[in-house]
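Chemist: curious how this folds, go ahead:
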Amino acid sequence: MRVDNGFSLFGVGIDVIEVSRIAHAMEDPGFVAHVLTDQERSLNPDAERLAGVWAAKEAVAKAVGVHLKWHDVEIGEASTARIVPGAATDKLSIRISISVSGGMAVAVAIAERLDE
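Modeler: Below is the predicted model:
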């Protein structure tokens, strides 16, 4: 699929998770360090924020279509996603949307390939 912004669609991913599952997992002191990068941890996420980040990372992996480690994807403050160089296909732009409501977090990721 071609759009007029110089990108072509590469893949779409979606994920949903219960915030309570993340809150329970956060009781393990190593959980946050295992899932979040240093930059993500610097935002001092609560269970809702971490659930959104979890869902976003899962959605990005699905959109890219390759196995990614937790630290291969970094979710920024403005719901931006960055894939660590060399972790997946080069020349991809990732757009994400995260929503948390009613005890659930959902994220959608769209991977677009920059046309050369």
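
Chemist: K57 against L68, yeah?
Modeler: Yes - distance between K57 and L68: 7.5 Å, which falls inside the contact criterion (C-beta atoms under 8 Å). C-beta coordinates here come from the backbone N, C-alpha and C atoms, glycine included.

Chemist: who's more crowded, the two?
Modeler: When neighbours are counted by other C-beta atoms under 10 Å, K57 and L68 differ, and K57 comes out ahead with 27 against 18.

Chemist: with adjacent residues omitted, what lies nearest to the more buried one?
Modeler: Leaving aside its sequence neighbours, K57 sits nearest to V73 (C-beta to C-beta, 6 or more residues apart in numbering; 4.7 Å).

Chemist: swap in L50?
Modeler: Closest residue in space to L50, ignoring its immediate chain neighbours: I22 at 5.2 Å, by C-beta to C-beta, 6+ apart.

Chemist: where does the one you found land in three-state SS?
Modeler: helix (DSSP: H, G, I helix; E, B strand; the rest coil).

Chemist: in the protein, which helix has the most residues?
Modeler: With DSSP state H setting the assignment, residue counts place helix 47-64 as the longest helix in the chain.

Chemist: what is the mean pLDDT for it?
Modeler: Helix 47-64 shows a mean pLDDT of 95 in the predicted model.

Chemist: helices or strands up against that helix?
Modeler: For helix 47-64, the helices and strands in contact under the criterion 3 or more C-beta pairs under 8 Å, 6 or more residues apart in numbering; DSSP states H and E are strand 7-18, helix 19-25, helix 31-35, strand 73-75, strand 81-83, strand 92-101, strand 104-114.

Chemist: closest one to D46 among these?
Modeler: For the helices and strands packed on helix 47-64, proximity to D46 was assessed by C-beta to C-beta; helix 19-25 is nearest, at 8.6 Å.

Chemist: before we move on, back to that, now the residue nearest to K57: how far from V60?
Modeler: 5 Å (C-beta to C-beta, to the nearest Å).
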